[in-house]
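Engineer: quick one, structure for this:
(one chain, ligands or ions: 2)
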Amino acid sequence: MSAFVELTKMRISIMVVLTFVVAAIVSQPQFIDPWIMLWGTVGCLLICFSGNAMNMYVERKTDSLMPRTAGRPLPADKLTSIEVLIFGAATFVASTAIFWNLVNWQTAVCAAVNWIVYVIVYTPLKRKTWFNTEIGAVAGALPVIMGALATTETVPLVAWAFFGVLVFWQFPHFMAIAWKYRHEYKAGGLQMLTVVDPSGKRAGFKSVVTCVLLILCSLIPVVEVRTIFHVILLVTISLIVGAPYLKASIGFNADPNDITAKKLMRSSLLYLPLYMAGLLIVYLT
Ligand code: HEM
Ligand SMILES: CC(C)=CCC/C(C)=C/CC/C(C)=C/COP(=O)(O)OP(=O)(O)O
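Structural biologist: Ligands and ions are numbered 1, 2, ... in the order given. Model (predicted):
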(Lines give C-alpha, C1' and ligand atoms only; values in the text may rest on other atoms or scores of the structure.)
(Ligands and ions follow the chains in the order given, each with its own letter.)
Protein backbone atom coordinates (compact mmCIF):
# COMPACT_ATOMS: atom_id res chain seq x y z
CA MET A 1 0.00 0.00 0.00
CA SER A 2 2.68 2.53 1.00
CA ALA A 3 4.54 1.72 -2.22
CA PHE A 4 1.46 2.80 -4.18
CA VAL A 5 1.34 6.03 -2.15
CA GLU A 6 4.99 6.66 -3.07
CA LEU A 7 4.01 6.27 -6.74
CA THR A 8 1.61 9.19 -6.49
CA LYS A 9 4.20 11.82 -5.32
CA MET A 10 1.48 12.79 -2.89
CA ARG A 11 2.78 16.18 -1.68
CA ILE A 12 3.28 17.51 -5.21
CA SER A 13 -0.09 16.07 -6.30
CA ILE A 14 -1.87 17.83 -3.43
CA MET A 15 -0.25 21.14 -4.34
CA VAL A 16 -1.24 20.67 -8.00
CA VAL A 17 -4.83 19.94 -6.94
CA LEU A 18 -4.85 23.13 -4.87
CA THR A 19 -3.93 25.12 -7.99
CA PHE A 20 -6.85 23.42 -9.78
CA VAL A 21 -9.28 24.28 -6.95
CA VAL A 22 -8.17 27.90 -6.67
CA ALA A 23 -8.39 28.36 -10.46
CA ALA A 24 -11.88 26.84 -10.45
CA ILE A 25 -13.03 29.22 -7.70
CA VAL A 26 -11.56 32.48 -9.03
CA SER A 27 -12.81 31.72 -12.56
CA GLN A 28 -16.42 31.64 -11.31
CA PRO A 29 -16.48 33.21 -7.83
CA GLN A 30 -20.20 34.08 -7.91
CA PHE A 31 -21.31 30.46 -8.12
CA ILE A 32 -19.33 27.66 -6.54
CA ASP A 33 -20.99 24.33 -7.32
CA PRO A 34 -19.95 21.93 -4.51
CA TRP A 35 -20.38 18.83 -6.71
CA ILE A 36 -18.19 20.22 -9.48
CA MET A 37 -15.60 21.14 -6.86
CA LEU A 38 -15.75 17.67 -5.28
CA TRP A 39 -15.56 15.64 -8.50
CA GLY A 40 -13.08 18.06 -10.05
CA THR A 41 -10.80 17.61 -7.04
CA VAL A 42 -11.07 13.80 -7.18
CA GLY A 43 -10.52 13.77 -10.97
CA CYS A 44 -7.50 16.07 -10.71
CA LEU A 45 -5.96 14.03 -7.91
CA LEU A 46 -6.40 10.83 -9.95
CA ILE A 47 -4.89 12.27 -13.15
CA CYS A 48 -1.89 13.46 -11.09
CA PHE A 49 -1.54 9.98 -9.55
CA SER A 50 -1.65 8.46 -13.01
CA GLY A 51 0.85 10.92 -14.50
CA ASN A 52 3.25 10.47 -11.60
CA ALA A 53 3.05 6.66 -11.66
CA MET A 54 3.62 6.57 -15.44
CA ASN A 55 6.49 9.05 -15.04
CA MET A 56 8.08 6.61 -12.58
CA TYR A 57 7.49 3.73 -15.00
CA VAL A 58 9.16 5.59 -17.91
CA GLU A 59 12.06 6.66 -15.66
CA ARG A 60 12.57 3.34 -13.84
CA LYS A 61 16.13 2.97 -15.21
CA THR A 62 17.32 6.56 -14.71
CA ASP A 63 15.69 6.66 -11.26
CA SER A 64 17.86 3.70 -10.23
CA LEU A 65 21.00 5.73 -11.09
CA MET A 66 20.25 8.65 -8.72
CA PRO A 67 20.27 8.44 -4.89
CA ARG A 68 17.24 10.81 -4.63
CA THR A 69 15.08 8.45 -6.66
CA ALA A 70 16.75 5.03 -6.21
CA GLY A 71 14.39 4.16 -3.34
CA ARG A 72 11.27 4.60 -5.50
CA PRO A 73 8.95 1.58 -5.85
CA LEU A 74 10.33 0.32 -9.19
CA PRO A 75 14.10 0.70 -8.73
CA ALA A 76 13.76 -0.59 -5.13
CA ASP A 77 11.69 -3.59 -6.34
CA LYS A 78 8.73 -2.75 -4.11
CA LEU A 79 6.37 -3.02 -7.08
CA THR A 80 6.56 -4.69 -10.48
CA SER A 81 6.27 -2.81 -13.78
CA ILE A 82 2.90 -4.49 -14.40
CA GLU A 83 1.53 -3.27 -11.07
CA VAL A 84 2.66 0.28 -11.83
CA LEU A 85 1.19 0.17 -15.34
CA ILE A 86 -2.14 -1.15 -14.03
CA PHE A 87 -2.24 1.57 -11.33
CA GLY A 88 -1.37 4.25 -13.91
CA ALA A 89 -4.00 3.02 -16.38
CA ALA A 90 -6.73 2.54 -13.75
CA THR A 91 -6.28 6.03 -12.28
CA PHE A 92 -6.24 7.52 -15.80
CA VAL A 93 -9.49 5.78 -16.76
CA ALA A 94 -11.16 6.66 -13.44
CA SER A 95 -10.11 10.32 -13.75
CA THR A 96 -11.30 10.61 -17.36
CA ALA A 97 -14.65 8.96 -16.51
CA ILE A 98 -15.17 11.31 -13.56
CA PHE A 99 -14.27 14.45 -15.51
CA TRP A 100 -16.32 13.43 -18.56
CA ASN A 101 -19.47 12.36 -16.71
CA LEU A 102 -19.49 14.51 -13.58
CA VAL A 103 -17.65 17.71 -14.58
CA ASN A 104 -17.54 18.29 -18.39
CA TRP A 105 -15.81 16.97 -21.48
CA GLN A 106 -13.61 20.07 -21.84
CA THR A 107 -11.93 19.39 -18.50
CA ALA A 108 -11.54 15.70 -19.39
CA VAL A 109 -9.81 16.58 -22.67
CA CYS A 110 -7.56 19.18 -21.02
CA ALA A 111 -6.55 16.65 -18.35
CA ALA A 112 -5.71 14.04 -21.01
CA VAL A 113 -3.63 16.61 -22.93
CA ASN A 114 -1.88 17.51 -19.65
CA TRP A 115 -1.09 13.82 -19.06
CA ILE A 116 0.31 13.46 -22.59
CA VAL A 117 2.49 16.57 -22.20
CA TYR A 118 3.84 15.28 -18.87
CA VAL A 119 4.29 11.57 -19.57
CA ILE A 120 4.87 11.34 -23.33
CA VAL A 121 6.60 14.66 -24.10
CA TYR A 122 8.29 16.00 -20.95
CA THR A 123 9.52 12.80 -19.31
CA PRO A 124 11.50 11.37 -22.29
CA LEU A 125 12.75 14.88 -23.14
CA LYS A 126 14.62 15.06 -19.81
CA ARG A 127 17.26 12.77 -21.34
CA LYS A 128 17.59 14.87 -24.50
CA THR A 129 17.68 18.62 -23.79
CA TRP A 130 17.65 21.25 -21.01
CA PHE A 131 14.55 22.63 -22.75
CA ASN A 132 12.62 19.83 -20.99
CA THR A 133 11.91 22.19 -18.07
CA GLU A 134 9.99 24.57 -20.38
CA ILE A 135 7.70 21.67 -21.34
CA GLY A 136 7.47 20.47 -17.73
CA ALA A 137 6.38 23.97 -16.74
CA VAL A 138 3.45 23.79 -19.18
CA ALA A 139 2.45 20.40 -17.71
CA GLY A 140 2.70 21.79 -14.20
CA ALA A 141 0.54 24.82 -15.00
CA LEU A 142 -2.17 23.21 -17.16
CA PRO A 143 -4.21 22.11 -14.09
CA VAL A 144 -5.07 25.82 -13.73
CA ILE A 145 -6.72 25.73 -17.15
CA MET A 146 -8.44 22.48 -16.18
CA GLY A 147 -9.81 24.23 -13.08
CA ALA A 148 -11.09 27.16 -15.15
CA LEU A 149 -12.72 24.82 -17.67
CA ALA A 150 -14.44 22.93 -14.85
CA THR A 151 -16.39 26.02 -13.83
CA THR A 152 -16.55 28.24 -16.93
CA GLU A 153 -16.99 27.71 -20.66
CA THR A 154 -14.24 30.13 -21.64
CA VAL A 155 -11.04 30.55 -19.69
CA PRO A 156 -11.16 34.00 -18.03
CA LEU A 157 -8.28 36.48 -17.80
CA VAL A 158 -7.56 35.66 -14.15
CA ALA A 159 -7.01 32.00 -15.06
CA TRP A 160 -4.57 32.91 -17.86
CA ALA A 161 -2.73 35.20 -15.43
CA PHE A 162 -2.57 32.39 -12.83
CA PHE A 163 -1.40 30.00 -15.57
CA GLY A 164 1.41 32.46 -16.41
CA VAL A 165 2.31 32.83 -12.73
CA LEU A 166 2.53 29.06 -12.35
CA VAL A 167 4.57 28.57 -15.54
CA PHE A 168 7.14 31.14 -14.36
CA TRP A 169 7.01 30.03 -10.70
CA GLN A 170 8.39 26.64 -11.70
CA PHE A 171 11.70 27.95 -13.05
CA PRO A 172 13.22 29.34 -9.84
CA HIS A 173 11.57 26.40 -7.99
CA PHE A 174 13.26 23.88 -10.23
CA MET A 175 16.53 25.76 -10.91
CA ALA A 176 17.22 25.55 -7.15
CA ILE A 177 16.48 21.79 -7.18
CA ALA A 178 18.46 21.30 -10.41
CA TRP A 179 21.44 22.97 -8.74
CA LYS A 180 21.21 20.83 -5.61
CA TYR A 181 21.02 17.58 -7.56
CA ARG A 182 23.22 18.59 -10.53
CA HIS A 183 25.69 15.76 -9.96
CA GLU A 184 22.88 13.20 -9.68
CA TYR A 185 21.18 14.50 -12.82
CA LYS A 186 24.49 14.23 -14.64
CA ALA A 187 25.00 10.66 -13.42
CA GLY A 188 21.45 9.79 -14.48
CA GLY A 189 22.01 11.26 -17.96
CA LEU A 190 19.36 13.98 -17.51
CA GLN A 191 20.07 17.19 -19.39
CA MET A 192 19.07 19.84 -16.85
CA LEU A 193 20.34 23.41 -17.25
CA THR A 194 22.71 22.91 -14.31
CA VAL A 195 24.21 19.87 -16.06
CA VAL A 196 24.74 21.80 -19.29
CA ASP A 197 26.12 24.76 -17.28
CA PRO A 198 27.41 23.52 -13.90
CA SER A 199 28.53 27.05 -12.92
CA GLY A 200 24.87 27.80 -12.13
CA LYS A 201 25.09 31.11 -14.03
CA ARG A 202 22.35 30.25 -16.51
CA ALA A 203 20.14 28.75 -13.80
CA GLY A 204 20.54 31.88 -11.65
CA PHE A 205 19.86 34.27 -14.51
CA LYS A 206 16.80 32.28 -15.56
CA SER A 207 15.49 32.35 -11.99
CA VAL A 208 15.65 36.15 -11.81
CA VAL A 209 14.09 36.73 -15.24
CA THR A 210 11.23 34.29 -14.65
CA CYS A 211 10.60 35.69 -11.18
CA VAL A 212 10.16 39.18 -12.65
CA LEU A 213 7.81 37.73 -15.29
CA LEU A 214 5.90 35.92 -12.53
CA ILE A 215 5.36 39.19 -10.65
CA LEU A 216 4.17 40.89 -13.85
CA CYS A 217 1.71 38.03 -14.52
CA SER A 218 0.41 38.21 -10.96
CA LEU A 219 -0.49 41.87 -11.59
CA ILE A 220 -2.48 41.25 -14.80
CA PRO A 221 -5.88 40.82 -13.08
CA VAL A 222 -5.79 44.50 -11.99
CA VAL A 223 -7.45 45.27 -15.32
CA GLU A 224 -10.57 43.29 -14.40
CA VAL A 225 -11.03 43.44 -10.62
CA ARG A 226 -14.19 45.19 -9.45
CA THR A 227 -13.06 48.22 -7.43
CA ILE A 228 -10.03 50.39 -6.76
CA PHE A 229 -9.87 48.71 -3.34
CA HIS A 230 -9.37 45.34 -5.07
CA VAL A 231 -6.71 46.84 -7.35
CA ILE A 232 -4.76 48.06 -4.31
CA LEU A 233 -5.27 44.72 -2.55
CA LEU A 234 -4.04 42.70 -5.55
CA VAL A 235 -0.99 44.92 -6.14
CA THR A 236 -0.09 44.82 -2.43
CA ILE A 237 -0.44 41.04 -2.18
CA SER A 238 1.43 40.39 -5.46
CA LEU A 239 4.37 42.54 -4.39
CA ILE A 240 4.49 41.36 -0.78
CA VAL A 241 4.54 37.67 -1.71
CA GLY A 242 6.64 38.17 -4.85
CA ALA A 243 9.42 40.27 -3.25
CA PRO A 244 10.94 37.51 -1.04
CA TYR A 245 10.87 35.08 -3.99
CA LEU A 246 12.63 37.65 -6.18
CA LYS A 247 15.13 38.37 -3.41
CA ALA A 248 15.92 34.64 -3.13
CA SER A 249 16.30 34.40 -6.92
CA ILE A 250 18.66 37.39 -6.95
CA GLY A 251 20.67 35.81 -4.11
CA PHE A 252 20.93 32.53 -6.01
CA ASN A 253 21.94 34.34 -9.21
CA ALA A 254 24.62 36.38 -7.41
CA ASP A 255 26.18 33.26 -5.90
CA PRO A 256 24.76 29.86 -6.83
CA ASN A 257 25.57 27.60 -3.87
CA ASP A 258 23.81 25.06 -1.65
CA ILE A 259 22.63 27.70 0.81
CA THR A 260 21.20 30.15 -1.74
CA ALA A 261 19.61 27.23 -3.63
CA LYS A 262 17.96 25.94 -0.43
CA LYS A 263 16.63 29.43 0.35
CA LEU A 264 15.24 29.70 -3.17
CA MET A 265 13.53 26.28 -3.00
CA ARG A 266 12.01 27.18 0.38
CA SER A 267 10.76 30.54 -0.79
CA SER A 268 9.19 28.88 -3.85
CA LEU A 269 7.20 26.58 -1.56
CA LEU A 270 6.16 29.59 0.53
CA TYR A 271 5.18 31.71 -2.46
CA LEU A 272 2.57 29.46 -4.02
CA PRO A 273 0.16 28.94 -1.08
CA LEU A 274 0.46 32.63 -0.15
CA TYR A 275 -0.22 33.80 -3.69
CA MET A 276 -3.22 31.47 -3.98
CA ALA A 277 -4.59 32.69 -0.64
CA GLY A 278 -4.18 36.26 -1.92
CA LEU A 279 -5.99 35.48 -5.15
CA LEU A 280 -8.88 33.95 -3.20
CA ILE A 281 -9.11 37.00 -0.93
CA VAL A 282 -9.20 39.36 -3.93
CA TYR A 283 -11.83 37.35 -5.84
CA LEU A 284 -14.05 36.35 -2.92
CA THR A 285 -14.34 39.78 -1.24
C1 HEM B 1 9.25 21.97 -14.29
C2 HEM B 1 8.43 21.66 -13.33
C3 HEM B 1 8.81 21.02 -12.01
C4 HEM B 1 9.87 20.23 -11.72
C5 HEM B 1 10.95 19.72 -12.68
C6 HEM B 1 9.79 19.90 -10.30
C7 HEM B 1 10.66 19.07 -9.63
C8 HEM B 1 10.63 18.83 -8.28
C9 HEM B 1 11.53 17.96 -7.59
C10 HEM B 1 12.64 17.14 -8.24
C11 HEM B 1 11.20 18.00 -6.27
C12 HEM B 1 11.88 17.21 -5.14
C13 HEM B 1 12.94 18.05 -4.49
C14 HEM B 1 13.74 17.28 -3.44
O15 HEM B 1 13.56 16.06 -3.29
O16 HEM B 1 14.58 17.94 -2.78
C17 HEM B 1 10.10 18.92 -6.13
C18 HEM B 1 9.50 19.24 -4.92
C19 HEM B 1 8.28 19.86 -4.84
N20 HEM B 1 7.54 20.37 -5.89
FE21 HEM B 1 8.17 20.55 -7.80
N22 HEM B 1 8.68 20.49 -9.77
C23 HEM B 1 8.03 21.15 -10.77
C24 HEM B 1 6.82 21.79 -10.68
C25 HEM B 1 6.02 21.75 -9.57
C26 HEM B 1 4.64 22.17 -9.52
C27 HEM B 1 3.82 22.66 -10.72
C28 HEM B 1 4.21 22.02 -8.25
C29 HEM B 1 2.87 22.29 -7.64
C30 HEM B 1 1.96 23.07 -8.15
C31 HEM B 1 5.33 21.52 -7.48
C32 HEM B 1 5.29 21.28 -6.13
C33 HEM B 1 6.34 20.78 -5.40
C34 HEM B 1 6.30 20.57 -3.96
C35 HEM B 1 5.13 20.91 -3.03
C36 HEM B 1 7.53 20.02 -3.61
C37 HEM B 1 8.00 19.66 -2.20
C38 HEM B 1 7.41 18.39 -1.72
C39 HEM B 1 8.22 17.20 -2.00
O40 HEM B 1 9.47 17.28 -2.12
O41 HEM B 1 7.62 16.12 -2.12
N42 HEM B 1 6.40 21.38 -8.31
N43 HEM B 1 9.77 19.41 -7.36
C1 LIG C 1 -1.31 14.68 -15.76
C2 LIG C 1 -1.06 15.72 -14.81
C3 LIG C 1 -2.17 16.46 -14.18
C4 LIG C 1 0.19 15.97 -14.53
C5 LIG C 1 0.64 16.90 -13.56
C6 LIG C 1 1.92 16.32 -13.25
C7 LIG C 1 2.71 17.12 -12.34
C8 LIG C 1 2.75 16.66 -10.93
C9 LIG C 1 3.42 18.14 -12.80
C10 LIG C 1 4.33 18.90 -11.99
C11 LIG C 1 5.41 19.39 -12.89
C12 LIG C 1 6.61 18.56 -12.98
C13 LIG C 1 7.22 18.63 -14.31
C14 LIG C 1 7.13 17.87 -11.95
C15 LIG C 1 8.46 17.17 -11.95
O16 LIG C 1 8.47 15.92 -12.47
P17 LIG C 1 9.86 15.14 -12.59
O18 LIG C 1 9.62 13.92 -13.41
O19 LIG C 1 10.94 16.01 -13.12
O20 LIG C 1 10.21 14.76 -11.09
P21 LIG C 1 11.13 13.56 -10.57
O22 LIG C 1 12.52 13.80 -11.06
O23 LIG C 1 11.02 13.68 -9.06
O24 LIG C 1 10.54 12.29 -11.10
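Engineer: C-alpha only now, for contacts and for neighbours.
Structural biologist: Will do.
Engineer: what parts of the stretch 1-150 of the chain come near ligand 1?
Structural biologist: Taking CA under 6 Å from any ligand atom, the part of the stretch 1-150 of the chain that reaches ligand 1 is made up of Arg11, Ile12, Met15, Val16, Thr133, Gly136, Ala137, Gly140, Ala141.
Engineer: check what pLDDT the second one gets.
Structural biologist: Reading off the per-residue confidence, Ile12 sits at a pLDDT of 97.
Engineer: start to end distance for stretch 195-206?
Structural biologist: Its first and final residues considered, stretch 195-206 spans 14 Å by CA to CA, to the nearest Å.
Engineer: quick one: the helices in the stretch 1-150 of the chain?
Structural biologist: With DSSP state H, counting those that start in this stretch applied, the stretch 1-150 of the chain shows helices at 2-7, 10-27, 34-58, 60-64, 67-70, 81-98, 105-115, 123-125, 132-151, listed in chain order.
Engineer: redo these as JSON lines? Include mean neighbour count.
Structural biologist: Putting the helices of the stretch 1-150 of the chain into JSON lines (neighbours: other CA atoms under 10 Å) gives the following:
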{"stretch": "helix 2-7", "mean neighbour count": "15"}
{"stretch": "helix 10-27", "mean neighbour count": "22"}
{"stretch": "helix 34-58", "mean neighbour count": "23"}
{"stretch": "helix 60-64", "mean neighbour count": "18"}
{"stretch": "helix 67-70", "mean neighbour count": "15"}
{"stretch": "helix 81-98", "mean neighbour count": "18"}
{"stretch": "helix 105-115", "mean neighbour count": "20"}
{"stretch": "helix 123-125", "mean neighbour count": "19"}
{"stretch": "helix 132-151", "mean neighbour count": "24"}
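Engineer: where do the helices of the stretch 151-285 of the chain begin and end?
Structural biologist: 157-180, 182-188, 193-196, 201-219, 228-254, 258-284.
Engineer: highest average neighbour count across the ones you listed?
Structural biologist: helix 157-180 (a mean of 23; mean count of other CA atoms under 10 Å).
Engineer: which neighbouring elements make contact with it?
Structural biologist: With contacts taken as 3 or more CA pairs under 8 Å, 6 or more residues apart in numbering; DSSP states H and E, helix 157-180 sits against helix 10-27, helix 132-151, helix 193-196, helix 201-219, helix 258-284.
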